[in-house]
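Novice: predicted model and sequence follow; I will ask about them next.
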Amino acid sequence: MKDNPPEPDSSGAAPIPVDPYKEIKAKLAEFLLSLIQAFLRTGFYTSDHPEAKKAKEGIYGDFQSLFTGKGELTFLVRDDPEGKNILIEGVLPEIHNLNSLMLRGMAEMYAPKFAKFLDRKDLISLTLKNSMTQTEFTNFVDVMGEPIFVDTHEKSDKERFGQILKERGVLNISYIFSEELLALKRKIPWRSQIALSRLKKDFRMIPLFLDLDEEGVKKIRRQIIQDIARPIQNTQVIFPVLMNTDLAETEEFKESEIDEEIIASLPDELLFKLSQTLLKETVRHGETEPPQGKSVRLARQVVSSLNAREIKGRASILEEYFKHKLIPFERLPEATQRKIKFEQFTNKFLRNIDPFMNQFDKIQDRERYLQAARTFTRIIPELIRRDRYEEILKIITHIDRHSDEKKDLSIYARQILEEIERGEILQTLKGKFLTGTNEMRLAIAPILIKLRAGSVPHLLSLLRQSTDHLVRKHACEILLQIDSSAINLVLDELNKREFATKSAIDIIRVLGEMKCDEWIQPFARTLQGYLNHENPHLRGEALGVYYKIMGGEGESLYLGLLNDTDIGVQKRAIQCLGGIKSEIGLKKFLEMLKKAEESPSDKDLQIEAPLFRALGFYGNLELPEIGLLEDFLIETLDRRLSLGALPLKFLKKKKKSLSEGAVAAICETLGMIGTDKSRAMLQKLEKQKGRQWKNTAEEALIKIVEREEGKGSVKAP
């Protein structure tokens, strides 16, 4: 019998993320264990002993398999509160604890022994470069395990250790003894101290490479710096290194040269972050004096590197460098220089706007006029950024006036206005109009009006894009001021149904708030088209606005919509007919109320409340078939009002009970048309606690009393 496959876990637990470095970590762990075992075993045997040879087998190949290109592996020994801690750096993107890389049992067995092994040698940093040959690697492992070098705390032992490595051709390593750690009295991170110490130590080792010319020395120096900087991934380490490279300076390699090489070796992302850190650490809040000393020199070196690589986003940080006098103007990218020049010109313009515009008005030469006009238009984006709309309006107003008044230059003034309309200025203003405050829109509006036809496409775009009622309203108002016929463009899009439903509803509402005789009829025709739209909300909004602008002229439309499939539209139609006091509508209302009483559907009952409410528009009208409307409403309450299973004592339940909403609507209408005869009924209704109609009945009584008292005061002599 075959085992059933396990069912998939449906518990919803989040899957464990895949470690992209899982394979290399496994290789690294295997190599570390083999290397540590080799170090420890060779300490018990001579280098040619079979056990020593066995310990070293295959390790070199494992070491080389850790790298795909040039690289190195570094052991760092750090004093932590719980003891010596060994960190591994170079193979993986981030620094790792030795214990976290090895299997738990192996780590518990070998990590303490290896820490003691390095501690007895007084080593705090040990780096193996993958440029080592197999012979060099083997000799290195042998020297590390030599019994005479078990302890190298004495100066003479350390010197002999270095001499033996040199004699055996082991050059592609780097090591630091604890006494060689620099910057002990400077408040910088331990990892930065290690980097500085290694720079100093490795620079001193360069003479060991024989037959090097000047270019060869430079190449090795560059390689040393690149090797040391490569594993450093954050500015918290590299910035202190750069600020303290005087500690690594030698007679041959000066501080400024070291800084330049370190900065050149940094990847783009780290260089950009360094530029931000340098600014933050150098410029102190509230200081007015320009920064001095090394930070200024570093800033200029960083800028050179940023510019040479054209790193994205550098412009804003370099602008801050210039602002705080870390770099001169010439060191900025050309685009940033132009931007700053325009900002400076803008400042000057804003301080002297009237003299500038007066001089502009006096220009008669065509070339000078075009140059001046284009200079003004080029600063408009900066004025927009500063929300200086009054000044923008002044510039455009002057150019617009020139297009009418200056006969010789009018054609060029119109050319400039066309360039403004076609360029990014209107697009930027549209963005501000779309997202800005009401005050901002009011400030931008005169500019759009002044640009006339050029603004129209952007205003239409605002109607499509915005979800803000006020934005759309302002856009329509501006269109009207530019040219009332421009509203026809909006109506064309509505007729083509190119707006989304919500947008169409809002635009119809906006246009309904802006009565204008010139386009009332075209708008009304557009609205008629929407009265049969498939969306009931849109039909209802179109009906409401049509009533608002056309009133009684739409009576036949309102009557037709009493039969709409949507109850919301029906309710609107009832309101419209009541609002115009339609006699035909009143007869329809009474017929619908009779049906709701005698053979009601759910829909009939839902429509009762708005029907009763609409009767209030007609006043206390007397009709042949029912008498006064007031009497009709009181009798309806008398016939149909009940309170669940217990009818009121003064009422007789004969027909379908009224809903609480319908009773409230009757109370509201009685408040509008009722007389003293309604008071008894309303007083009984207001005593019914917890009923929807209670407050409406109270308000109706107050209105009747006020109306009756008003009549009495008129009759008084």
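Specialist: Good, I have the coordinates. Numbers count the residues shown, from 1 in each chain.
Novice: rest of the way, CA atoms for contacts and neighbours
Specialist: Will do.
Novice: state the mean pLDDT of stretch 478-488.
Specialist: Averaging pLDDT along stretch 478-488 gives 86.
Novice: now do the strand or helix carrying V302, average pLDDT.
Specialist: Using DSSP states H and E, V302 sits in helix 294-309. Across helix 294-309, pLDDT averages out at 86.
Novice: for stretch 571-586, same thing?
Specialist: Computed over stretch 571-586, the average pLDDT equals 95.
Novice: so which bits of it are buried?
Specialist: For stretch 571-586, burial by neighbour count (16 or more other C-alpha atoms under 10 Å) applies to 571-582, 585-586.
Novice: want to throw those into TSV with secondary structure and distance to A443?
Specialist: TSV is the format used below for the buried residues of stretch 571-586 (DSSP: H, G, I helix; E, B strand; the rest coil; distance: C-alpha to C-alpha, whole Å):
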residue	secondary structure	distance to A443
K571	helix	41
R572	helix	38
A573	helix	40
I574	helix	42
Q575	helix	39
C576	helix	38
L577	helix	42
G578	helix	42
G579	helix	39
I580	coil	40
K581	coil	44
S582	coil	46
G585	helix	48
L586	helix	50
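Novice: which residue packs closest to V545, ignoring adjacent ones?
Specialist: Spatial nearest neighbour of V545, chain neighbours left out: G512 (5.4 Å); criterion: C-alpha to C-alpha, 6 or more residues apart in numbering.
Novice: same deal with S174?
Specialist: T127 (4.9 Å).
Novice: pLDDT of the helix or strand where the one you found lies, averaged?
Specialist: Secondary structure from DSSP H and E places T127 in strand 123-129. Computed over strand 123-129, the mean pLDDT rounds to 94.
Novice: report the distance from that strand to the chain centre.
Specialist: 45 Å (C-alpha atoms, centre = their mean, to the nearest Å).
Novice: so what does that strand touch, helix or strand wise?
Specialist: strand 72-80, strand 173-177 (3 or more C-alpha pairs under 8 Å, 6 or more residues apart in numbering; DSSP states H and E).
Novice: tell me which of those lies nearest to L658.
Specialist: For the helices and strands packed on strand 123-129, proximity to L658 was assessed by C-alpha to C-alpha; strand 72-80 is nearest, at 83.6 Å.
Novice: who's in contact with the helix or strand following the closest one?
Specialist: Where DSSP H and E defines the elements, the next helix or strand beyond strand 72-80 is strand 83-89. The contact list for strand 83-89, computed with C-alpha atoms under 8 Å, 6 or more residues apart in numbering, reads 73-79, 95-98, 111, 115, 231.
Novice: ok, of those, which come out buried?
Specialist: Buried among the contacts of strand 83-89 (16+ other C-alpha under 10 Å): 73-78, 95, 98, 111, 115, 231.
Novice: any chance of those in JSON lines, plus pLDDT?
Specialist: Below are these laid out as JSON lines (pLDDT from 0 to 100):
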{"residue": "L73", "pLDDT": "94"}
{"residue": "T74", "pLDDT": "94"}
{"residue": "F75", "pLDDT": "94"}
{"residue": "L76", "pLDDT": "94"}
{"residue": "V77", "pLDDT": "94"}
{"residue": "R78", "pLDDT": "91"}
{"residue": "I95", "pLDDT": "91"}
{"residue": "L98", "pLDDT": "92"}
{"residue": "A111", "pLDDT": "90"}
{"residue": "A115", "pLDDT": "91"}
{"residue": "P231", "pLDDT": "87"}
